[in-house]
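>>> Let's see this in three dimensions:
(chains A and B)
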Number of protein chains: 2
Amino acid sequence: MIKKQPLILITNDDGIDAPGIRALIDAMGKIGRVVVVAPDQGRSGQAHAITVNHPLRPRLLVNKHDHLEYCTNGTPVDCVKLALKVIMSEKPDIIVSGINHGTNASINIVYSGTMAATIEGCMEGIPSVGFSLCDFSLDADFKPSIPWVTQIVLSILKDGLPKGICLNVNIPLSSKEPIKGMKITRQGDGNWAEEFDHRIDPRGRDYYWMTGKYNSNGHESNTDEWALERGYISIQPVTFDLTAHHLISLLEKQLSQ
Amino acid sequence: MIKKQPLILITNDDGIDAPGIRALIDAMGKIGRVVVVAPDQGRSGQAHAITVNHPLRPRLLVNKHDHLEYCTNGTPVDCVKLALKVIMSEKPDIIVSGINHGTNASINIVYSGTMAATIEGCMEGIPSVGFSLCDFSLDADFKPSIPWVTQIVLSILKDGLPKGICLNVNIPLSSKEPIKGMKITRQGDGNWAEEFDHRIDPRGRDYYWMTGKYNSNGHESNTDEWALERGYISIQPVTFDLTAHHLISLLEKQLSQ
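From the prediction side, this is the model:
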């Protein structure tokens, strides 16, 4: 049973003006009451960073009965913390993050502010899901994603999520063919080959812009990239327990030698 | 077999002047050649954040044959990327991060720049280990930790680490009793209860300082906090695969209904 007017907290890492979060806010407004707390500008690559060395400033932008919007000078995780501890007097029924401009499949999840906000919600015991569209461009078309996003959010509102996990949902581009369906996946293998663009400033000092190219190391069966490549939405169950459990006994043996 | 002069990359998140990294640099200099690339100031709570919106500036501080030191305006993960892609012409044999002022046990690992730098090294296929002392104070005594840190680093240089894992090593305070030994552990359960200190600036605008208190949710057997509480060093094998593998089949069943 879904509550009549579930309370939905929305955030992202591309900033409150990004088309991805605007599309998400519209869709979630049809499901329940929405509170948006999002960065005032793009905060991609912020991962799980929190702000402790300067103060946070939430700024109220929209103040309607069932639709509140704040932007903040903080990271995505700061936004979730501010929402839960300062802004909202009622616990949200779900936290929805995104829709991110660009994939968070494979190791991209490690750098992602969108997914860190989702994980933060999960750490607070709130059902949480992050959505990403495999299109980095600012004018990405989010329309084909919306029915799927709505369906997944409604399903979480109805059934909840197992304790300690949240979902990393990546949506393939559907310009060529419609989305085929959904697959439960595991994290694929890839790496970023950084390149640093070396320049010299007018005072003669070196500086570097970080750029890079993502390399997939093959798409093994049932990984997120495997599903996306085949036109399926990837749903990765995500934990914040970073322990490599399968290696504990091996290391114990080495330690006792 | 350990190479005669292994090449050791050192970083941290408390900044290049922190006593923890200075103690680590001294100890590692006795094992091999050291390259230090660390933030120019404290960067705690930066997690796996990378800097893409402004340029990075490495600054050379020490330039000896077997001892290089750079500080940068970047995050701990930026430091590792700069070290591997710009500063070092030779791949390091090991990456050692810390010694952090304060614990990175339990969920603290999720926010930790010290451990993110370690994980970044692991993602690059380099044996990596992060050390943290359970003492947040600036004048923490790192001396009792050093023989253990040295032993762990030598052991990794000799035997390597299994593919895809790095180590999160937390060291108990030893002011009352000496360290008892080492335990292989898993991540404990806890949460941060944030409080936001609300103030009003001279222009009448609200701002908030994030503060908080860590709550351990009980120390189950074989967790990091369980080991630390008993006077043991905690060694947690860490993965960057965030998939909750144990829940894939359950979710697949739900999806197919």
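>>> Helices along chain A, start to end?
Secondary structure of chain A (DSSP state H): helices at A:19-29, A:76-82, A:108-111, A:113-123, A:146-159, A:224-229, A:248-256.
>>> Mean pLDDT lowest where, among those helices?
Note on these: helix A:248-256 shows the lowest mean pLDDT, a mean of 90.
>>> right, is that one up against chain B?
Yes. Helix A:248-256 reaches chain B (C-beta under 8 Å from any C-beta of the partner chain) through A:248, A:250-252, A:254-255. Bear in mind the C-beta positions are built from the backbone N, C-alpha and C, glycine included.
>>> and that helix, which residues are buried?
A:248, A:251 (16 or more other C-beta atoms under 10 Å in any protein chain shown).
>>> cool, and stretch A:22-31?
By neighbour count on 16+ other C-beta under 10 Å, the buried set for stretch A:22-31 is A:23-25, A:27-29, A:31.
>>> can you check stretch A:140-154 too?
Neighbour counts over stretch A:140-154 (16+ other C-beta under 10 Å) mark A:140, A:142, A:145-146, A:148-149, A:152-153 as buried.
>>> just curious, which of those is nearest to chain B?
Distance to chain B across the buried residues of stretch A:140-154 (C-beta to the nearest C-beta) is lowest for A:I152, with 10.0 Å.
>>> That closest one and A:I171 touch, don't they?
No. Taking contacts as C-beta atoms under 8 Å, A:I152 lies outside contact range of A:I171: 10.0 Å.
>>> between these two, what contacts are shared?
Residues touching both A:I152 and A:I171 (C-beta atoms under 8 Å, 6 or more residues apart in numbering or on different chains) are A:F131.
>>> tell me, how many neighbours does A:K3 end up with?
Using other C-beta atoms under 10 Å in any protein chain shown, A:K3 has 11 other residues around it.
>>> who are the neighbours in contact with it?
Counting by C-beta under 8 Å, 6+ apart, A:K3 has contacts A:32, A:93, A:157.
>>> Could you list the low-pLDDT ranges of chain A?
A:1 (pLDDT under 70).
>>> And the strands in it, which stretches?
Here chain A has its strands, by DSSP state E, at A:7-11, A:33-39, A:58-64, A:67-72, A:94-101, A:128-133, A:165-171, A:181-184, A:190-200, A:206-216, A:232-239.
>>> want to try JSON lines for the ones you listed, with distance to B:P178 as columns?
JSON lines is the format used below for these (distance: least, C-beta to C-beta, whole Å):
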{"stretch": "strand A:7-11", "distance to B:P178": "47"}
{"stretch": "strand A:33-39", "distance to B:P178": "47"}
{"stretch": "strand A:58-64", "distance to B:P178": "48"}
{"stretch": "strand A:67-72", "distance to B:P178": "46"}
{"stretch": "strand A:94-101", "distance to B:P178": "45"}
{"stretch": "strand A:128-133", "distance to B:P178": "43"}
{"stretch": "strand A:165-171", "distance to B:P178": "40"}
{"stretch": "strand A:181-184", "distance to B:P178": "49"}
{"stretch": "strand A:190-200", "distance to B:P178": "42"}
{"stretch": "strand A:206-216", "distance to B:P178": "44"}
{"stretch": "strand A:232-239", "distance to B:P178": "35"}
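>>> Nearest to A:D78, out of those strands?
strand A:67-72 (6.4 Å; C-beta to C-beta).
>>> Show me what that closest one is packed against.
On a contact count with 3 or more C-beta pairs under 8 Å, 6 or more residues apart in numbering or on different chains; DSSP states H and E, strand A:67-72 meets strand A:33-39, strand A:58-64, helix A:76-82.
>>> Quick check: which of those is buried the most?
Of the helices and strands packed on strand A:67-72, the one with the most neighbours on average (mean count of other C-beta atoms under 10 Å in any protein chain shown) is helix A:76-82, at a mean of 29.
>>> ok now do A:D78, which residues does it touch?
For A:D78, the contacting residues are A:50-51, A:56, A:72, B:210, by C-beta under 8 Å, 6+ apart.
>>> tell me the phi and psi of the residue nearest to it when sequence neighbours are not counted?
Nearest residue to A:D78 in three dimensions, chain neighbours excluded: A:T51, at 5.1 Å (C-beta to C-beta, 6 or more residues apart in numbering or on different chains). When quoted as degrees, to the nearest 10, the phi and psi of A:T51 stand at phi -100, psi 110.
>>> burial count for A:T51?
By other C-beta under 10 Å, 21 other residues sit near A:T51.
>>> Then A:A193?
Neighbours of A:A193 using other C-beta under 10 Å come to 10.
>>> gap between it and A:D201?
Applying C-beta to C-beta, to the nearest Å, the value for A:A193 to A:D201 is 26 Å.
>>> pretty sure A:S137 is touching A:S175, no?
No. Assessed by C-beta under 8 Å, A:S137 is found out of contact with A:S175, at 11.4 Å.
>>> For the residue nearest to A:D78, list the residues it contacts.
A:T51 neighbours (C-beta under 8 Å, 6+ apart): A:73-75, A:78, B:45, B:210.
>>> can we see that at 7 Å?
Shown in contact with A:T51 (C-beta atoms under 7 Å, 6 or more residues apart in numbering or on different chains): A:74-75, A:78, B:210.
>>> who wins for most neighbours among these?
Using other C-beta under 10 Å as the neighbour test, the contacts of A:T51 are led by A:D78, with 29 neighbours.
>>> Name the residues of the stretch 1-150 of chain A found near chain B, please.
For the stretch 1-150 of chain A, the residues in contact with chain B (C-beta under 7 Å from any C-beta of the partner chain) are A:44-52, A:55-57, A:81-82, A:85-86, A:107, A:109-111, A:123.
>>> Any chance of a ChimeraX selection covering the buried ones in these?
Per 16+ other C-beta under 10 Å, the buried members of these correspond to this ChimeraX selection:
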select /A:44,45,46,47,48,49,50,51,52,55,56,57,81,82,85,86,107,109,110,111,123
